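# all I have is the shape, not the residue letters:
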């Protein structure tokens with residue numbers, strides 16, 4: 001009996017170990033602290049894609065973004081290829097390192113800073129990447145990700161150094177800096193790259209136009225996700241949104257296998273108090289990747305005398321009557337009735 005119990009415990013311990021056998025190594029590279037995730041069963045004879053991540057001190061562990069747990073889960077389910085993740089720690093120079101533009105309006109909330117995104121980016125390229133690629137078994141596939149100011153930077157560096165980064169993932173990026181100047185740089189995106197960015201309606205900023213500024217095909221090379229009720233905080237970024245980044249960077253999404261649905265959103269801007277009523281069609285692919293369809297869909301208002309529906313799904317009433325909208329995506333049609341009284345009731349409660 002004792003022998004049987006010992007065997008069972010040994011099996012259990014082996015299973016737990018097998019699920020937790022990634023490694024996190026801490027290094028100092030060119031004046032930057034970095035935390036490096038090596039996937040389960042890391043094999044130096046195998047080549048791995050590398051995802052660099054801003055604010056590296058918050059990337060791993062359950063109190064942060066928990067990227068290591070998400071990566072382990074997706075690897076174990078064989079939804080992504082094993083990868084290396086490099087968290088580059090931020091310090092008191094965070095705003096200066098991540099923000100590429102001079103925006104005097106930021107000083108009141110964030111203090112004095114000097115736009116040093118170019119210098120920081122070149123440190124990544126000239127110091128951190130060579131160290132990682134000399135010490136670890138990496139392939140040519142590189143990506144970079146971040147949130148907030150770090151998300152602004154992860155978009156900016158990919159746009160300006162496309163030869164170094166084939167992927168950019170941005171969680172609630174601060175695209176608003178200097179009156180959305182990053183939109184003007186969207187045209188630099190290359191068709192060899194993939195971009196992902198998202199925003200929560202609880203922190204609302206209108207980032208949808210970035211989809212058009214890049215000129216990239218939506219839901220093929222650029223992906224946007226609008227999450228109802230989500231706020232600007234780590235607890236809302238971990239989980240599905242981290243998995244979106246990992247799936248797009250290191251997974252193999254079958255874009256022909258999906259389900260899509262329609263969400264009605266009444267968003268109130270925290271900064272302006274204005275309301276943004278939107279029809280937000282969302283898509284979920286067979287591997288779990290979730291995105292908003294947005295401009296990839298077409299919206300047709302059937303009773304045009306009672307309102308307006310724009311190409312991005314935003315709408316307004318011109319009469320106090322319900323709107324009937326037909327939405328078409330990839331040859332499929334769905335309809336939604338937007339109830340005038342319900343919308344007004346929601347607005348009154350916000």
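Thanks, I have the structure now. On a predicted model such as this, the values are computed, not experimentally measured, just so you know.
# next, give phi and psi for the closest residue to residue 65 other than its chain neighbours.
Setting aside the residues directly before and after it, residue 65 is nearest to residue 238 in space (CB to CB, 6 or more residues apart in numbering), at 4.9 Å. Using the backbone N, CA and C atoms, a C-beta is placed for each residue, glycine as well. With angles defined as degrees, to the nearest 10, residue 238 sits at phi -70, psi 160.
# ok, residue 238 - how many residues close by?
20 (other CB atoms under 10 Å).
# again, but for residue 335
Counted with other CB under 10 Å, residue 335 comes out at 11.
# list the buried ones in whatever helix or strand it lives in?
Using DSSP states H and E, residue 335 maps to strand 332-338. Of all the residues in strand 332-338, those buried under the rule 16 or more other CB atoms under 10 Å are 336, 338.
# from the contact counts, what lies against the helix or strand just after it?
Using DSSP H and E, the next helix or strand after strand 332-338 towards the C-terminus is helix 340-349. The helices and strands touching helix 340-349, judged by 3 or more CB pairs under 8 Å, 6 or more residues apart in numbering; DSSP states H and E, are strand 258-268.
# what lines up beside the strand it packs on in the sheet?
strand 275-285 (antiparallel) (DSSP bridges).
# avg pLDDT for the next helix or strand after the partner strand?
Per DSSP H and E, the first helix or strand lying C-terminal to strand 275-285 is strand 290-292. Per-residue pLDDT over strand 290-292 has a mean of 98.
# how about residues contacting strand 290-292?
219, 223-226, 240, 244, 280-284 (CB atoms under 8 Å, 6 or more residues apart in numbering).
# just how off-centre is the helix or strand that that strand is followed by within its chain?
Per DSSP H and E, the first helix or strand lying C-terminal to strand 290-292 is strand 298-301. Mean-position distance between strand 298-301 and its chain equals 27 Å (CA atoms, centre = their mean, to the nearest Å).
# go on, stretch 206-217?
Per CA atoms, centre = their mean, the centroid offset for stretch 206-217 relative to its chain is 14 Å.
# list the buried ones in that stretch?
Neighbour count says stretch 206-217 has 206-208, 210-214, 216 buried, by 16+ other CB under 10 Å.
# rewinding a little: adding distance to residue 96, write the contacts of strand 290-292 out as TSV.
Shown next, in TSV, are these (distance: CB to CB, whole Å):
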residue	distance to residue 96
219	35
223	29
224	28
225	29
226	30
240	31
244	28
280	35
281	39
282	36
283	38
284	39
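# can I get those residues in a markdown table including neighbour count?
A markdown table is the format used below for these (neighbours: other CB atoms under 10 Å):
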| residue | neighbour count |
| --- | --- |
| 219 | 24 |
| 223 | 27 |
| 224 | 21 |
| 225 | 22 |
| 226 | 23 |
| 240 | 18 |
| 244 | 22 |
| 280 | 23 |
| 281 | 21 |
| 282 | 18 |
| 283 | 22 |
| 284 | 14 |
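# just the closest of the residues you listed to residue 66, please.
Looking at the contacts of strand 290-292 and their distance to residue 66, the nearest is residue 240, at 11.7 Å (CB to CB).
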